[in-house]
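Q: my questions are about this predicted structure, shown below with the sequence.
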Amino acid sequence: MAQREGGTSAETELEDFIADSDTGGRIPKDGLGRSALWYIPLVWSLYQLWIASPLPFILKFGVWNDTQTRAIHLGFAVLLAFLAFPGFKSSPRHHIPVLTWIIAIVGAIAASYLWWDYRGVANRTGVPNTTDLAIAGIGIVLLLEAARRSLGIPLMGVALFFLAYVFFGSWSGLPEMVQWKGASFEKAMSHMWLTTEGVFGVALGVSSGFVFLFVLFGSLLNQAGAGNYFLKLAFATLGHLRGGPAKAAVIASAATGLISGSSIANVVTTGTFTIPLMKKVGFPSYKAGAIEVSSSINGVLTPPVMGAVAFLMTEYVGISYVEVVKTAIVPAAISYIALIYIVHLEALKMNMPGTSRMHPVKFMLGAIFIIAISIVIGGGTLFLCGVVVDAVEAAVGAASTWVLVAMMGLAYVAAVRFAARGPDLEVSVESMQHLPPTREIFKTGIHYLLPILLLMYLLMIERKSPGLSAFWSTVFMLVILATQNPLKAFFRGEGEFARHIREGLADIAEGLIVGARNMIGLAAAMGVAGIIVGAVTLTGIGQVMAEFVEFLSGGNLLAMLFFVALISIVLGMGLPTTANYIVVSSLMAGVVVELGAQNGLIVPLVAVHMFVFYFGIMADVTPPVGLASFAAAAISRGDPLRTGFQAFFYSIRTALLPFLFIFNTDLLLINVGPVQAVFVFLVAMVAMLLFAAGTMNFFLVRSRLWESAILLLVAFTLFRPGFFLDMIQPEFEARPAAELFERAGAAPDDASLRVRLVGESLMGDPIDARYLLPLGPAGTDGPTRLFDGAGVEFREEDGRLFVDNLNFGGPSEQLGIDFDWELVELEVASDRVFKEVFYLPALLLLGLVALLQLRRKRRQPEGAPA
C-alpha cells in the first residue's frame, strides 16, 4: 500500500510539474473559473483559425492588419497567463481571486491596445500622448509578470537586465566599453510598445501567424491518438532489441518532435511511457532520464518544424523554408543515429539481455537502410502527389481543388477502414509490454500520416506559406477528430453513431483548448523576446557583445566560437525553444559574423544561426537550469542534477556538430549536389558513430585509452579533412582587387565571391575583414550581378575600388559592410588536391583499432561482460 501511495504521490507531483510548466497549474472548481479556462482558450483557437482562413476576406468581416492581429494574440496570452498560472506556490489553485481577474483584464486591455486604438496610435507616431505611455508602461510590467508566471524567472530576468541597460546604460559605474547615452521613458516605451520594433515585432508576428497553428496542429494530432501511435510503433519495432526501450525512446521522441515545439513537452509526452520501461530492463534512473532528455532535445532540432524555429529562421536569415529544412536535416539525422548507437553501447556495457541480440554493425546498417528507405518513400510520395495534382489540374482545370479534396477524402476513408480491422491502441505503460506485431500497429494509424503528408506537400512542393499550410492541415485534423470514431464504428458494425459523434466533437474542443493553453507561455515568451530584440536595436548592444567576446577570446577564432557557445547556453537557460532562438540569434549571430570575418572565417548566415541555436537549446540539458532534465527526473525519480550531467554527456555529440559545420558547411548541404549530399551524409554518420564510440570508451569491446583517442582523431578527420590539408597548402590565394568585375561576370549561377575589405566602423574603429558576396544568376555583367546578388556597388578611384552604394536590407548591408570601405583583394580557391585524400590514413587507423579489438573479443569467454 505504501508503494502505491508513493506512486500516486509521484504521479500527482509530475502532473503538477507538467501543468506548472505547460498549460497552467490552476484548476478552478467554481463555475466562473472553469468556464473562463474552457471558453477563452477555445475562442483563442477559433480566432487564430479565423485569421488564417480566407473567410475574413470572403465575408469582408474581421479583417485586421498584422499589427492588430499580433495585439489580439498577445491579449489572449496575457489574460490566460494570469488566469491559468498561479502567481506563487501559495496562491490558490482551485479558484481565481478577484484581484487576479482585475490584473488579467487590465493586462489584456494593455496588450491589445494596438488593436482597439490602432488609428489613434498610428496618427500619433513619434509623439505619444500620456495615455499611450501609461498603457505601454503597464503593458510592459504585466507582460513580464505573465512571462514569470508561465515560464518562470529566467526570461523575465533577462528582459529586466536589458530594460535596465536601456534606461541606465549611461551610468558611470559601467565599464566605458558598454556605456551608451541611455533612453527616456517616452523613447523606450514608443520603441518597445507603440511600434513594431519591440514587443509587436517579427517574433510575435511569427507566433500569431505560424507558431500557434503548428502548436494547435500538434495538439489535435496528439488528441486524435497519433502520439500514442508513434510511440507504440517505435516500441514494437525496437523493443525486443538489447536496450530496446531506450532505442524506442529515441525514435519515439524523434516522431513526437515533428508535432511538438518544446523539448520539455517531448520529455513528458514520451518519457511517461519510456522511462519506466527503461528502468525495468536495467537502466539506472538517472541514465533513463538522460536518454529521454537527449532524445527530446534533438526533437526540436529536427525538421520540418524545429520547435517553430524553422519559420523564424526564414524571416531572420532571409532564405526559403525548404533551404532551412535542407540545412538542418543532416546534423539532426546523424545526431539521432549516434544517440541510438550510444544507447546500444550502454546496453552492451551493462550486458543487458534482449530477445534479439543483433550484431551492432548489422543493427546500424539496418537502421541506416530503414532511414534511407523512409526518406526515399517520403520524398517519392511527395513527388507522386505533385504529379497527381498536376495531372488533375490539367484534366479538370478550375474544378481541380474539389476533385483533389474528394480524392483526399477517399484516401482518408480507406485508411480508417483499414485501421478499423484491428482494435484501437490502449494508452498505458502496461500495454507497452504486450504489443501486437509492428504491422498490426502500423495499420491502426495510417490515417494519422495523411495530415502530416498534406503539411509537407504544401510546404515542400507547393511552397505555400507556413501559416496557410498549417491552417489546411489543421482543418484536416479537425475532420479526422470529428469522423474517425464514427467511421470506425460504421466499419466495425458497432452502431451508437450519436455517441461517437459527441466524443469526436468533445475531442475537437479538448484539442483546441489544450493547443491554446500550450501557447500561453510561448506567446508571452515571444512578446518578452521582443523587448530584448528592441533593446538590442535601440542600444546597439550587439556591437558591445562583439567587443566583449573579442576581449575574452584575445582574437583567437576557436576561443571566440567557444565563448559564443558558452554565452548562448547561459542566455538560453530557462527559455522556451522559440524565445531561446530569438535571444541567442539577436545577440550572438552578429558576433560570429563580425569577428569571424576579421579572422578569415566566412560562413553563410544560416550556418551561424544554426550554431547559436544548437547551443541555446543545450541550455535545456545543462544544469543547474536544465528544465528538460528536471522534467525527466520528475518521471524517473532520479537526481535532477545527475540526470542533467549525464544528459549533457550524451549530448556532447550535439554540441560537437555546430563547430564542425561552421568549418565544413558541406554538413549543412550548402552548395552541395544530390550525389555529394549522400556521400556527405554517409561520411558524417560514420564519423559521428566513431565519435560516440570514442567518448563512450567502447567500440567492439571496451577500448583502451589510446584506442579511444585514435577513434576521436579518425572522427575529426572524417568530419573536417580540410584541417590537415590547410596546414600543407592554403585553401585560398590572393588576387588583385582589379579582377573583381571580371570574376563576378564569369562566375557560374548563384556563386559567391570572397573579398577582403578595409575601412572604419561607425564608431571609428578600424575594420579589416573578409566577406562572402553572393552573386545572382549568370548572364549579366559583373557590376550588375554584384548589385542584384549582394546589394553593393563599387566605384573606381585611381585604380582602387571603394564601396559606393548599398541596397538597404540587402546581403552586404546585413553583413555590416559600409560606404567608402576599400576592396583590397579577392580570395579565390587554390588549385590543390582533394581534401578527402586524408580519409585514407584515417580509415587505415580505424582498421587497426578494429583488428586489435576483434582479437580481444575472440578471446573473451562466452557470456562475459563486454
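A: That came through, no problem. These numbers were taken from a predicted model, which means no experiment stands behind them.
Q: can you give me how far the lengthiest helix in the chain is from the chain middle?
A: Ordering each helix of the chain by length in residues (DSSP state H) puts helix 497-539 first. Helix 497-539 sits 17 Å away from the centroid of its parent chain (Cα atoms, centre = their mean, to the nearest Å).
Q: kindly report the same for stretch 607-623.
A: The chain centroid and the centroid of stretch 607-623 are separated by 10 Å, computed with Cα atoms, centre = their mean.
Q: tell me the buried residues in it?
A: Neighbour counts over stretch 607-623 (16 or more other Cβ atoms under 10 Å) mark 607-623 as buried. From N, CA and C alone the C-beta is placed, and that goes for glycine too.
Q: return the subset of the residues you listed lying in strands.
A: Using DSSP state E, no member of the buried residues of stretch 607-623 sits in strands.
Q: distance-wise, check the residue nearest the centre of the chain relative to residue 209.
A: The centroid of the chain falls nearest to residue 306 when counting by Cα atoms, centre = their mean (3.0 Å). Residue 306 sits 17 Å away from residue 209, going by Cβ to Cβ, to the nearest Å.
Q: domain assignment for this protein?
A: Domain ranges of the chain: 23-195, 204-495, 561-619, 732-829, per automatic domain parsing.
Q: deepest-packed of these, please.
A: domain 561-619 (a mean of 24; mean count of other Cβ atoms under 10 Å).
Q: pLDDT on that domain, on average?
A: Averaged over domain 561-619, pLDDT sits at 82.
Q: same question, stretch 119-126
A: Regarding stretch 119-126, the rounded mean pLDDT is 86.
Q: do stretch 82-101 as well
A: pLDDT averaged over stretch 82-101 gives 89.
Q: which residues sit against it?
A: For stretch 82-101, contacts defined as Cβ atoms under 8 Å, 6 or more residues apart in numbering pick out 20, 23-30, 32-33, 36-37, 40, 103-104, 107, 142, 145-146, 149-150, 517, 520.
Q: what segments of the stretch 751-866 of the chain are strands?
A: Secondary structure of the stretch 751-866 of the chain (DSSP state E, counting those that start in this stretch): strands at 752-760, 766-774, 792-797, 800-806, 822-829.
Q: next one: the fourth one to chain centre, how far?
A: Which is strand 800-806. The mean C-alpha position of strand 800-806 is separated from the chain mean by 38 Å, Cα atoms, centre = their mean.
Q: just checking: what are the partner strands of it?
A: Here strand 800-806 has these sheet partners by DSSP bridges: strand 792-797 (antiparallel), strand 822-829 (antiparallel).
Q: circling back to that earlier point, lowest mean pLDDT across the strands of the stretch 751-866 of the chain, which one is that?
A: Here the strands of the stretch 751-866 of the chain differ in mean pLDDT, and the lowest is strand 766-774 at a mean of 85.
Q: between it and strand 792-797, how many degrees?
A: Relative orientation of strand 766-774 versus strand 792-797 (axes from the mean of the first three to the mean of the last three Cα atoms, to 10 degrees): 120 degrees.
Q: what does strand 766-774 contact?
A: Outside strand 766-774, the residues within contact range by Cβ under 8 Å, 6+ apart are 594, 597-598, 600, 602-604, 750, 752-761, 786, 789-790, 792, 811-812, 815, 817, 821, 827.
Q: kindly report the same for stretch 170-178.
A: Contacts for stretch 170-178 (Cβ under 8 Å, 6+ apart): 169, 179-182, 541, 544, 547-548, 551.
Q: out of those residues, which comes closest to residue 581?
A: Comparing those against residue 581 with Cβ to Cβ places residue 541 closest, at 18.0 Å.
Q: one step back: and the domains of the chain as TSV, adding distance to residue 675?
A: Formatted as TSV, the domains of the chain follow (distance: least, Cβ to Cβ, whole Å):
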stretch	distance to residue 675
domain 23-195	39
domain 204-495	14
domain 561-619	21
domain 732-829	18
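Q: closest one to residue 694 among those domains?
A: Residue 694 sits nearest to domain 204-495 of all the domains of the chain, at 10.9 Å, using Cβ to Cβ.
Q: tell me the mean pLDDT for the closest one?
A: Mean pLDDT, domain 204-495: 80.
Q: now the terminal residues of it, how far apart.
A: The first residue of domain 204-495 is 47 Å away from its last residue (Cα to Cα, to the nearest Å).
Q: chain center to that domain: distance?
A: For domain 204-495 - counting by Cα atoms, centre = their mean - the centre lies 16 Å from the chain centre.
Q: what does stretch 842-849 give?
A: Distance, centroid of stretch 842-849 to centroid of chain: 36 Å (Cα atoms, centre = their mean).
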